[in-house]
Every structure is written in structure tokens, then in C-alpha cells.
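**Student:** The following block contains a protein sequence and its predicted model.
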Amino acid sequence: MGLERTLTIIKPDGVEQQNVGDIIKKLEGNQFRIKAVKMVRLMRQQAEKFYAVHRERDFFNDLTRYMSSGPILVLVLEGENAIDRLRDLMGATDPRKAAKGTIRQLYATSIEKNVIHGSDGPATAKTEISYFFSALEVL
Ligand code: ATP
Ligand code: MG
């Protein structure tokens, strides 16, 4: 609660489909402030490290191949209750189950290619932000 920071990623499908502008507009329209942003392409091993918590899951190979398949946009967002609010705005992991008007309902094409990532708690937000950004880069 209170003012929080969270990490979001516009995944390769969002960049490829040119939905970056629409998604950022939605984020800014929902009281998230951009504190840092960059476009990167992850090496396979970097995607594996980022999603290490899922390494035993059967979708891990597909997930890390997909996340390293093209450029992604990585952003630090700040706002009141930002972590939970971003998860709400993203919608359910499976876009077929995502509530109307959520980013995944609008732009995702499958449970894997689901267009956006958001940190799932304060500890993960901190780790994920420092995975991509140095303190000097978060304004
Ligand atoms: P994220 O961590 O990317 O914000 P999430 O927290 O909604 O998404 P997780 O359970 O953490 O979902 O899964 C991480 C990612 O792995 C999902 O966003 C999706 O891209 C992929 N994924 C999850 N479940 C499946 C599945 N059953 N089949 C294929 N891919 C999946
Ligand atoms: Mg997750």
C-alpha cells in the first residue's frame, strides 16, 4: 500500500504487434508514472534467470524461448498501490479469462503470448527492477 514501484514488461508479442503506444497510454491513463524505460532483447539465459521461479514448470522452455524471441519494453512504474493495481489492469494470465477492458483481454493472443508482465509482490518488484535498472536509471 501507499506509493509503490513495480516492474512491467511489454512482451515480444506486444512490441511485434505495435501495441506499445496503446499500452503505455492505458498505463498513464490509470495513474501510473513512468520512472524508467528501455527496450532490450533478452538472451535465452537472461530470460531463464528472470523467470527462474518457473523453471520446473512444463511451459518453462516455451516461455523462455518466447521471451527471448524479440525486443521487449521494460518499464518501472510508480503509483499508489501500484503492484496490485497493475495486476488488475493486466487481467488474468489466460486472456480468455481476463476481465473486459484489461490489457490482456484487449491485446493478448494466448496464455503464453499474453503481452505484459507485472511484478507479483513488493519483494519481486524490488528484485525485478534491479535486474534491469541501476539506481541511477530510475528517476
Ligand atoms: P507474468 O509473471 O508474466 O506477469 P503471470 O504472473 O500472470 O504473468 P505466471 O504464472 O507468473 O503468470 O506465468 C508467467 C508467464 O508464463 C505467463 O505470463 C505466461 O506468459 C506464461 N505461462 C503461464 N502459464 C502458462 C501455461 N499454462 N502455458 C503457457 N505459458 C504459460
Ligand atoms: Mg508472474
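**Tutor:** Sure, I can see it. Numbering: from 1, shown residues only. Ligands and ions are numbered 1, 2, ... in the order given.
**Student:** Contacts made by stretch 48-58 with the rest, please.
**Tutor:** Counting by Cβ atoms under 8 Å, 6 or more residues apart in numbering, stretch 48-58 makes contact with 42, 60, 63-64, 67, 128, 131, all of which sit outside it. Where you see a C-beta, it was placed from the backbone N, CA and C, and this is true even at glycine.
**Student:** Any idea how far apart the tips of it sit?
**Tutor:** Using Cα to Cα, to the nearest Å, one end of stretch 48-58 lies 13 Å from the other.
**Student:** For ligand 1, state which of the contacts of stretch 48-58 is nearest.
**Tutor:** The closest of the contacts of stretch 48-58 to ligand 1 turns out to be Leu63 (Cβ to the nearest ligand atom; 4.5 Å).
**Student:** pLDDT weak spots in this structure?
**Tutor:** When residues are selected by pLDDT under 70, those of the chain lie in 1.
**Student:** re earlier: can you put the contacts of stretch 48-58 in CSV and add neighbour count?
**Tutor:** Conversion of the contacts of stretch 48-58 to CSV gives the following (neighbours: other Cβ atoms under 10 Å):
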residue, neighbour count
Leu42, 22
Phe60, 16
Leu63, 18
Thr64, 22
Met67, 22
Glu128, 22
Tyr131, 13
